[in-house]
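*Asks:* coords below, sequence missing:
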């Protein structure tokens with residue numbers, strides 16, 4: 001049963017959380033018979049180790065989600081989960097409504113939230129939970145992947161979600 005649900009999710013390229021949760025998936029699953037869409041050799045780890053250059057798009061990505069820190073090859077801490085826009089249109093953090101996405105971006109000059117096309121360029125289509133190359137992007141854990149999505153700036157619609165920062169090389 002678990003295998004069948006996984007194959008359906010991969011082949012449709014749509015990951016319905018309900019479908020995958022029904023299979024009680026506890027860790028990333030990948031269809032090993034499919035080619036990688038984002039192999040590690042498509043990325044160059046930068047000197048700070050916390051960022052990578054995606055050679056295909058010439059974009060530099062934070063390896064961890066907004067709010068996490070890259071330490072000893074892993075992402076530590078919890079990402080900031082954003083959930084709603086306030087009356088001024090700012091996207092607010094769930095646990096700290098005084099914190100907005102815009103405030104966090106001011107702390108990182110030159111960095112921005114990826115647009116949808118950029119976000120899709122790093123999707124690993126042969127895997128689920130998460131749909132990322134976890135060697136390159138180690139910070140997405142099952143503990144918050146059930147109820148949160150990684151958003152591009154263009155697709156935030158008021159659901160709970162987390163962000164990854166990007167900049168042009």
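*Replies:* It's in. What you see is a predicted model, and the numbers here were worked out from it, not measured in a lab.

*Asks:* all helices for the chain, in order.
*Replies:* Listed in chain order, the helices of the chain (DSSP state H) span residues 2-12, 17-22, 101-106, 116-120, 142-145.

*Asks:* between these, which gets the lowest average pLDDT?
*Replies:* Of all the helices of the chain, the minimum mean pLDDT falls on helix 2-12 (a mean of 36).

*Asks:* where in this protein is pLDDT low?
*Replies:* By pLDDT under 70, the low-scoring segments of the chain are 1-26, 84-89, 139-160.

*Asks:* pull up the gap between residue 63 and residue 102, please.
*Replies:* Applying CB to CB, to the nearest Å, the value for residue 63 to residue 102 is 23 Å. Just so you know, the C-beta spots here come from the backbone N, C-alpha and C atoms, and that holds for glycine as well.

*Asks:* brain fart, residue 123
*Replies:* From residue 123 across to residue 102, the span is 26 Å (CB to CB).

*Asks:* between these two, who's got more neighbours?
*Replies:* Shown here are residue 123 and residue 102; by other CB atoms under 10 Å, residue 123 has more neighbours (17 against 12).

*Asks:* leaving out the residues flanking it, which one is nearest to that one?
*Replies:* The shortest distance from residue 123 to any residue other than its chain neighbours is 5.1 Å, reached at residue 131 (CB to CB, 6 or more residues apart in numbering).

*Asks:* next up, phi/psi of that neighbour, please.
*Replies:* For residue 131, the backbone dihedrals (degrees, to the nearest 10) come out as phi -90, psi 50.

*Asks:* pretty sure it sits against residue 122.
*Replies:* No - Residue 131 lies out of contact with residue 122 (CB atoms under 8 Å); the separation is 9.1 Å.

*Asks:* how many residues are close by the residue nearest to residue 123?
*Replies:* Residues near residue 131, counting by other CB under 10 Å, number 23.

*Asks:* distance check, it against residue 42.
*Replies:* Relative to residue 42, and taking CB to CB, residue 131 is found at 15 Å.

*Asks:* same check on residue 94?
*Replies:* Going from residue 94 to residue 42 by CB to CB gives 33 Å.

*Asks:* okay, the two: which has more neighbours?
*Replies:* It is residue 42, of residue 94 and residue 42, that has more neighbours when counted by other CB under 10 Å, with 18 against 14.

*Asks:* list the contacts for that one?
*Replies:* The neighbours of residue 42, taking CB atoms under 8 Å, 6 or more residues apart in numbering as the test, are 54, 55, 56.

*Asks:* among those residues, name the buried ones.
*Replies:* By neighbour count, with 16 or more other CB atoms under 10 Å, the contacts of residue 42 hold residue 54 as buried.
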